[in-house]
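Participant: next come a sequence and a model predicted from it.
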Amino acid sequence: MARGRKRRVWSDEEKREICAQTRVPGMSVSQVARRYNANTNLVFTWLRDPRFAPGDPPEATSTFLPVEIIAERGCPEPAVPAIESRIEIDLADGHRLRITGPYDPEALARLIRGLSA
């Protein structure tokens, strides 16, 4: 006699509950099956059975949400204009910096001082 797991017997109510959870938006049949430690193919079998399968899935409905448009607040202009360029800096200790696109010169100077220290 083979030793293995005992076969689980599911009540009709449990089958209905498990099948109903497969209709929750964002849930897959395999996720529900794992939650109940059931075989995914078994859950698909129950879904084909009209006794356990829930009705048609609810249709997605559109809902309008209230929107309030407010005046745009003025944003301060950056103190340093963005510069589109490519810079390569070779430091004495062997570090190499490559900067492409806009950068903050003050932050770059702090970085160089930190690497040179």
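Facilitator: Received the coordinates, thanks.

Participant: so which elements touch the longest helix along the chain?
Facilitator: Longest helix in the chain by number of residues (criterion: DSSP state H): helix 105-116. The contact analysis (3 or more Cβ pairs under 8 Å, 6 or more residues apart in numbering; DSSP states H and E) places helix 105-116 against strand 96-100. Every C-beta, even on glycine, is put in place using the N, C-alpha and C of the backbone.

Participant: and the angle from the strand it packs on to helix 105-116?
Facilitator: 160 degrees (axes from the mean of the first three to the mean of the last three Cα atoms, to 10 degrees).

Participant: what's strand 96-100 in contact with?
Facilitator: Applying Cβ atoms under 8 Å, 6 or more residues apart in numbering, the contact partners of strand 96-100 are 85, 86, 87, 88, 89, 90, 91, 108, 111, 112, 115.

Participant: state the distance from the closest residue to the second one other than its chain neighbours to residue 88.
Facilitator: Beyond its immediate neighbours in the sequence, the residue positioned closest to residue 86 (Cβ to Cβ, 6 or more residues apart in numbering) is residue 100, lying 4.9 Å away. Taking Cβ to Cβ, to the nearest Å as the criterion, residue 100 is separated from residue 88 by 10 Å.

Participant: cool, residue 34 as well?
Facilitator: For residue 34, the distance to residue 88 - Cβ to Cβ - is 53 Å.
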